[in-house]
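**Q** Predicted model, plus sequence, below.
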Amino acid sequence: MLPIQPPSVFQRRRRALAARLDRAGSHGALLFAGGATARNYPANPWPLRVSSHFLWTVGASLADAVLWLRRDRSELFLPAPDPDDALWHGASPDFAAIASACGLDDVRPLPELHDAILAEGAHGIATVPVMDPHTRARQRAWLDRRWPDDHTPRIDTLDAIDLALVDALVSERLCHDEAGIAMIRRAVEGTRAAHLAGMAVTRAGLREADVRATMERELARRQLPCAYGSIVTVHGEILHAREDGNTLADGDLLLADVGGECQGWASDVTRTWPVSGRFSSTQRELYDVVLAANEAAIAMVRPGVRYRDVHLHASLVLARGLVALGILRGEPEGLVERGAHAMLFPHGVGHLLGLDVHDMEDLGDRAGYAPGRSRSPQFGLGYLRLDRELQPGMVVTIEPGLYRVAALLDDDARCGPFVRDGSLDRERLAHFADVRGIRIEDDVLCTPTDPVVLTADIPKAPDAVCAAVGLASASPGIVIG
């Protein structure tokens, strides 16, 4: 797969990254694409998804490729094509075509990389590991190969990653350029179609899998892979539900967390809607609480605002709504400070979004947390994936939710103190038994002024959501599946 964007996009990115590495005293970097992994035998691989750092710098999905990036030159090294590739997979672009499409100085056979490094006398080359363990083993084998004792380049091993490269990647990738934002918008457009189709096809008697298939069809027809495993479930209290065999019934809420990606650039959207097309009074009351938290948090996505404060504000809005409904008792500020709200909202309000649905989390908290900050030990707040000041060009998700997780509510260590001190009224919560889980998630671009909700065209206002449900079964002109 060659990039659909002009080569100048990737040239600019590589120059900026190389300049940061040069200032740090590094002789560039080796960025490994990674390769396909076999399911059970070599001829049946999982779909190829190369490293996002490689995609950001090269733009092409090329198995087992290695980019050697330095201040004044970018060379790509590729394994020789198998003679049978053209028979089984069709013709592949030649080295010249790849160099042109990606704006590279040269594309050479992979076996030449070792000698090329030796010939240049390169020292201080950095790398980061790919995540797949099989590909990581191949990467380690290459890095650990024998080098002449009198001419050994310092290539950081996978156990001692060069933090200069990590920090350079984080600095360059935190805020997206116009090309990256354009790709996210393309992914969002397909995701919008998917959610509208899912709402339209929903009716009692279908299975969760029927709705999921309808949604993923809209992505597939646009050649957009799923950015993550889709969640389409009536058990919204299971945060990462994977089963989809339940039958939809009137009175159920259906939670759909589905997003596509465009050449690696992801979208991530959750909507929750009533299977019948009508919220019960209790469902509507809790839905309104989550929606208020979603909208309040979005309004805070502005330059200089600490994302942790966005999370805490969403939590406060949720706590106020739950106090008003009698589910929580006490001062909302105190409930949030003590973490009592996490009994019903146990996760963070969102995360970075970009060339992964959880962008750069392969780099751990060094990407998500600003220097000097670490995760809170408090339950709930400790799951927050991002604690940085927002900047123009950042794209984040905003995804508050409310969940009745029986195992959590019965966990004496986590929730017992709040039950015993009266912060949670379990009898009042039982009044809302027809709500298992509600989540409302948007993708939001931080700009120099007001936030831009990239997913604004996907209905979330209660009346708009209800109007979109069941349209396919009610309208003979709409084709299902």
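**A** Thanks, I have it.
**Q** And the helices in the stretch 351-481 of the chain?
**A** Secondary structure of the stretch 351-481 of the chain (DSSP state H, counting those that start in this stretch): helices at 365-368, 406-409, 416-420, 426-430, 462-468, 471-474.
**Q** and of the ones you listed, who's closest to Glu189?
**A** helix 462-468 (16.7 Å; Cβ to Cβ). Just so you know, the C-beta spots here come from the backbone N, C-alpha and C atoms, and that holds for glycine as well.
**Q** Mind listing what's buried along the closest one?
**A** 462, 465-466, 468 (16 or more other Cβ atoms under 10 Å).
**Q** returning to that earlier point: name the stretch among the helices of the stretch 351-481 of the chain that sits most buried.
**A** The highest average neighbour count among the helices of the stretch 351-481 of the chain, using mean count of other Cβ atoms under 10 Å, belongs to helix 365-368 at a mean of 19.
**Q** just to revisit the earlier point, including distance to Ala80 and mean pLDDT, could the helices of the stretch 351-481 of the chain go into CSV?
**A** What follows is the helices of the stretch 351-481 of the chain, written out as CSV (distance: least, Cβ to Cβ, whole Å; pLDDT from 0 to 100):
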stretch, distance to Ala80, mean pLDDT
helix 365-368, 35, 94
helix 406-409, 53, 94
helix 416-420, 62, 90
helix 426-430, 63, 96
helix 462-468, 52, 98
helix 471-474, 50, 76
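**Q** Per the annotation, how does the chain divide into domains?
**A** 7-173, 178-474 (automatic domain parsing).
**Q** Which stretch among those approaches Met1 most closely?
**A** Nearest to Met1, of all the domains of the chain, is domain 7-173, at 4.0 Å by Cβ to Cβ.
**Q** Next, the distance between the ends of the closest one.
**A** In domain 7-173, first residue to last residue: 18 Å (Cα to Cα, to the nearest Å).
**Q** same deal with stretch 433-441?
**A** Stretch 433-441 end-to-end distance (Cα to Cα) = 23 Å.
**Q** do stretch 46-63 as well
**A** 12 Å.
**Q** avg pLDDT for that stretch?
**A** Mean pLDDT, stretch 46-63: 94.
**Q** sorry, back to before: distance to Ser276 for the helices of the stretch 351-481 of the chain - can I get that in a markdown table?
**A** As requested, the helices of the stretch 351-481 of the chain are exported to a markdown table (distance: least, Cβ to Cβ, whole Å):
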| stretch | distance to Ser276 |
| --- | --- |
| helix 365-368 | 39 |
| helix 406-409 | 24 |
| helix 416-420 | 33 |
| helix 426-430 | 22 |
| helix 462-468 | 9 |
| helix 471-474 | 12 |
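**Q** list the buried ones in the longest helix seen in the chain?
**A** The single longest helix within the chain, with elements called by DSSP state H, is helix 178-201. With burial defined by 16+ other Cβ under 10 Å, the residues of helix 178-201 counted as buried are 179-181, 183-201.
**Q** Check stretch 72-83 too.
**A** 74-78.
**Q** Just the pLDDT for Ser281.
**A** Looking at Ser281, the pLDDT reads 98.
**Q** meant to ask about Val435
**A** Residue-level pLDDT assigned to Val435 equals 98.
**Q** I'd assumed Phe279 was in contact with it.
**A** No: under the contact definition of Cβ atoms under 8 Å, Val435 does not touch Phe279, with a separation of 9.7 Å.
**Q** In contact with Ser423, which residues?
**A** With contacts defined as Cβ atoms under 8 Å, 6 or more residues apart in numbering, Ser423 is in contact with 328-330, 335, 338, 340.
**Q** Quickly check those residues for the two that are furthest apart.
**A** Arg329 and Arg338 (12.4 Å).
**Q** Thought Leu48 was touching Ala38, still the case?
**A** No: using Cβ under 8 Å, Ala38 makes no contact with Leu48, being 11.7 Å away.
**Q** Compare those two and say which is more crowded by neighbours.
**A** Leu48 (15 against 12; other Cβ atoms under 10 Å).
**Q** which SS state does that one fall under?
**A** Secondary structure for Leu48, judged by DSSP: H, G, I helix; E, B strand; the rest coil, is coil.
**Q** quick one, phi/psi of the residue lying closest to it once chain neighbours are set aside?
**A** Ranked by Cβ to Cβ, 6 or more residues apart in numbering and with sequence neighbours excluded, the top spatial neighbour of Leu48 is Ala36, at 4.6 Å. The phi/psi pair for Ala36 (degrees, to the nearest 10) reads phi -70, psi 150.
**Q** by contact count, what packs against the longest helix of the chain?
**A** helix 208-220, strand 261-262, strand 265-266, strand 270-274, strand 442-445, helix 462-468, helix 471-474 (3 or more Cβ pairs under 8 Å, 6 or more residues apart in numbering; DSSP states H and E).
**Q** what's the closest of these to Thr455?
**A** So among the helices and strands packed on helix 178-201, strand 442-445 is nearest, using Cβ to Cβ, at 4.6 Å.
**Q** ok now do the spatially most central residue of the chain, which residues does it touch?
**A** Central residue of the chain (Cα atoms, centre = their mean): Val357, 1.1 Å from the mean position. Listed by Cβ under 8 Å, 6+ apart, the contact set of Val357 reads 227-228, 259, 261, 266, 268.
**Q** one step back: Serialize the contacts of Ser423 to TSV and add fields for neighbour count.
**A** TSV is the format used below for the contacts of Ser423 (neighbours: other Cβ atoms under 10 Å):
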residue	neighbour count
Leu328	27
Arg329	16
Gly330	16
Leu335	25
Arg338	15
Ala340	25
